[in-house]
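[1] no letters, just coordinates:
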């Protein structure tokens, strides 16, 4: 399983970024996908998730209305569109999938992409 994030960077408050996660090594279309983030000194937290067929999404309260998670199963890619960014959104953002193999659940993570919101 490989998850490769991209799209992070430095943006001013109120700006936008679009994160991408390219997945391989598993049947992407059959798994829910998630974005997490971890700020310095804080625990990793769930930001958004999307079901395998994109029929349902879920968001952390503080990002509702600003962030949108989406996916394209033909491209094995999941995105996180982040609008109206705030300084408190600064964190390393990680793509996540929990894959079932041999009856066991394994959590896989990408390398992370840094998002910095600052003027």
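    The structure has been received and is ready for your questions. Quick caveat: nothing in here was measured; it's all calculated off a predicted structure.
[2] and the residue most central in space within the chain, helix, strand or coil?
    Nearest to the geometric centre of the chain sits residue 35, at 2.4 Å (CA atoms, centre = their mean). Following DSSP: H, G, I helix; E, B strand; the rest coil, the label given to residue 35 is strand.
[3] count of neighbours near residue 40?
    Residue crowding around residue 40 was assessed by other CB atoms under 10 Å; the count is 7. C-beta: built from backbone N, CA, C; applies to glycine.
[4] can you tell me which helix or strand it belongs to?
    In the assignment (DSSP states H and E), residue 40 maps to no helix and no strand.
[5] any figure for the gap between it and residue 114?
    11 Å (CB to CB, to the nearest Å).
[6] same deal with residue 34?
    In terms of CB to CB, residue 34 sits 18 Å off from residue 114.
[7] could you report the pLDDT at the residue of the chain most remote from its centre?
    Distance from the centre of the chain peaks at residue 102, with 25.9 Å (CA atoms, centre = their mean). pLDDT for residue 102: 90.
[8] swap in residue 69?
    Reading off the model, residue 69 has pLDDT 98.
[9] next, the contact list for the nearest residue to it once chain neighbours are set aside, please.
    Counting by CB to CB, 6 or more residues apart in numbering, residue 69 lies nearest to residue 48, which is 4.0 Å off, once chain neighbours are set aside. Residues counted as contacts of residue 48 (CB atoms under 8 Å, 6 or more residues apart in numbering) are 34-35, 57-60, 63, 67-69, 80.
[10] lovely, talk soon.
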